[in-house]
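A.B. asks: Fold the following.
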Amino acid sequence: MIKRRSLRVHLLLLYVLLAVLSGIVVPALSIRLSLTAFQKYQVERRQADLEALGDSLTALYEEDGGWTRRRVMDILHPAPQWMGMRIILCDVEGNVVFTMGPLQMGEAANRRHGHGMMMHFSQGDVRELTHHLDIELSSGEKSLGSLQVDYKTPSTRFERDFLSYLMRYTLAGAAVMIAVACGLGFLVAGGLSRPVVKAVERTRRISRGEYELEPMNPTGIREMDALSRGVEELGRSLAGQEKLRRRLMVDIAHELRTPLTVVRTQIEAIADGVWEASPERLASCVTEMEHLSGLIEDVESLTRLEGDTLALHPEELDMAAFLAAVLDAFAPLFERAGITLRRKLQGGLVVSIDPDRFRHVIDNLLSNALRYTPAGGNVECRLLARDGDVVIEVEDTGIGISEKDLPHVFERFYRADESRARVTGGRGVGLAIVRATVEAHGGTISVTSPGRMAAADQHSRGSCFSVILPLASGIHPIVR
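C.D. replies: Alright, predicted model coming up:
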């Protein structure tokens, strides 16, 4: 079973882990590099001193014609750098002339010619290195003897104390660094996790239906502020969706109840003998049932379109010819209503559409323009190419759409005027079906309107619906 921890604990553990690793790795590297550099310095300095000692012994030999213990002691005694060394001076025949030094090397096997070393630890846990050095003494081409030296680094108490202090203070600094990093990690983990915890709490409130959330104070962290704003926008969006859902249920219930009530009332009256079962009354019942059937079909079509379950049968069509046929069919209706129907259709634009499904889009846009444009007004249908796409625009000089209703005109069962009768306002799903159909063809639809005309305003404002479709593959618009 996975052990669950809070985000703050996870972040704190991560900071502590990084701090501990840094507190171990960095001091270890620092000590290692410091020891290496210091020991290299000591070895080089000892070698330089011993080479100078060899030159002094050579000069003494040339001056006295040989070595005596007293004269060699005169050279070695004043210099403190020879302390802690084992020095053996041999003549050319290998006889020991002089030996000095407290350093006991232990086994003779550990000594070897050339530069060599044996590593061990001594007091204070300060690493010491044992070195052996042979120096041949000669005057010109004449060999005088040899100088054999065994020494350790560090060789003096001051050097050992320096290295002990270095390691001690480095480890103390590492401990302080770990403590400070853990403290900062605790504060940073709290600062990072607090907005996330608040966002989680706000999402829980949203899940309980509390959609209206007060804005959070900025944290200064861009991602956290974006998360908070996203949760707030989610709440507002869900509040709007919940409002639309309730309105949708009310509208559906109303749309279904009205024809059912009319049919039920008339059938009950006929059954009770109040009304005669005349053809006119039966025809009225049939009309209401057709309205009910049409509503159900519209909702079913919209559900299929929005659920990507509707199969389209696209064909490559000349959009100008397609629109001309639809406009010719609507021309008598506009003429009877006293509205001028105009057209501006650019030829040579071929699109891939399902003609039966897309005919419903144009029918709906023209029907709405006809319904909401008063007599004497104008409706214009335009077809043009723009930025490599095909644009269809239906613009009227009708009553327009108010600013508050404009974002919702494509929502199902939404009516700008809720008091409008069903005969005038339709069933409220036409534009929702239009949008779903256009999007199923890979296009987009939008509407612009300066706003609904006031009663005293004599100038038409109107609306303009724009449908944008991609050109058929391999087709380029013909510009005239």
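A.B. asks: Quick check: beta-bridge partners of C381?
C.D. replies: C381 has these beta-bridge partners by DSSP bridges: R343, V394.
A.B. asks: any chance you could map the helices in the stretch 201-350 of the chain?
C.D. replies: Using DSSP state H, counting those that start in this stretch, the helices of the stretch 201-350 of the chain run over residues 222-271, 279-306, 319-336.
A.B. asks: so where's the stretch 251-400 of the chain uncertain?
C.D. replies: For the stretch 251-400 of the chain, applying pLDDT under 70 flags the ranges 251, 254-255, 258, 291, 294-295, 298-310.
A.B. asks: Near the closest residue to E315 other than its chain neighbours, how many other residues are there?
C.D. replies: If the residues on either side of it in the chain are set aside, E315 comes closest to P355, at 6.1 Å by Cβ to Cβ, 6 or more residues apart in numbering. Just so you know, the C-beta spots here come from the backbone N, C-alpha and C atoms, and that holds for glycine as well. A count of nearby residues for P355, using other Cβ atoms under 10 Å, gives 12.
A.B. asks: re the thing from before, turn the helices of the stretch 201-350 of the chain into JSON lines, columns for mean neighbour count and distance to E411.
C.D. replies: Shown next, in JSON lines, are the helices of the stretch 201-350 of the chain (neighbours: other Cβ atoms under 10 Å; distance: least, Cβ to Cβ, whole Å):
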{"stretch": "helix 222-271", "mean neighbour count": "14", "distance to E411": "6"}
{"stretch": "helix 279-306", "mean neighbour count": "15", "distance to E411": "11"}
{"stretch": "helix 319-336", "mean neighbour count": "15", "distance to E411": "25"}
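A.B. asks: Those into JSON lines, with extra columns for distance to V72?
C.D. replies: Output for the helices of the stretch 201-350 of the chain, formatted as JSON lines (distance: least, Cβ to Cβ, whole Å):
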{"stretch": "helix 222-271", "distance to V72": "77"}
{"stretch": "helix 279-306", "distance to V72": "107"}
{"stretch": "helix 319-336", "distance to V72": "114"}
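A.B. asks: quick one: which of these is nearest L192?
C.D. replies: Evaluated with Cβ to Cβ, the helices of the stretch 201-350 of the chain place helix 222-271 nearest to L192, the distance being 7.5 Å.
A.B. asks: starting at the chain centroid, how far to that closest one?
C.D. replies: Centroid separation for helix 222-271 versus its chain: 35 Å, with Cα atoms, centre = their mean, to the nearest Å.
A.B. asks: which helices and strands does that helix pack with?
C.D. replies: helix 157-207, helix 279-306 (3 or more Cβ pairs under 8 Å, 6 or more residues apart in numbering; DSSP states H and E).
A.B. asks: The same query, at a cut-off of 10 Å, please.
C.D. replies: Where contact means 3 or more Cβ pairs under 10 Å, 6 or more residues apart in numbering; DSSP states H and E, helix 222-271 is packed against helix 157-207, helix 279-306, helix 422-425.
A.B. asks: Backbone dihedrals for the residue nearest to E315, please?
C.D. replies: Per-residue torsions, P355: phi -60, psi -40 (degrees, to the nearest 10).
A.B. asks: Would you agree it is in contact with F322?
C.D. replies: Yes: using Cβ atoms under 10 Å, P355 is in contact with F322, at 6.8 Å.
A.B. asks: residues shared between the contacts of those two?
C.D. replies: In terms of Cβ atoms under 10 Å, 6 or more residues apart in numbering, P355 and F322 are both contacted by the residues E315.
A.B. asks: before we move on, the earlier item: tell me how far the residue nearest to E315 lies from M224.
C.D. replies: Using Cβ to Cβ, to the nearest Å, P355 is found at 52 Å from M224.
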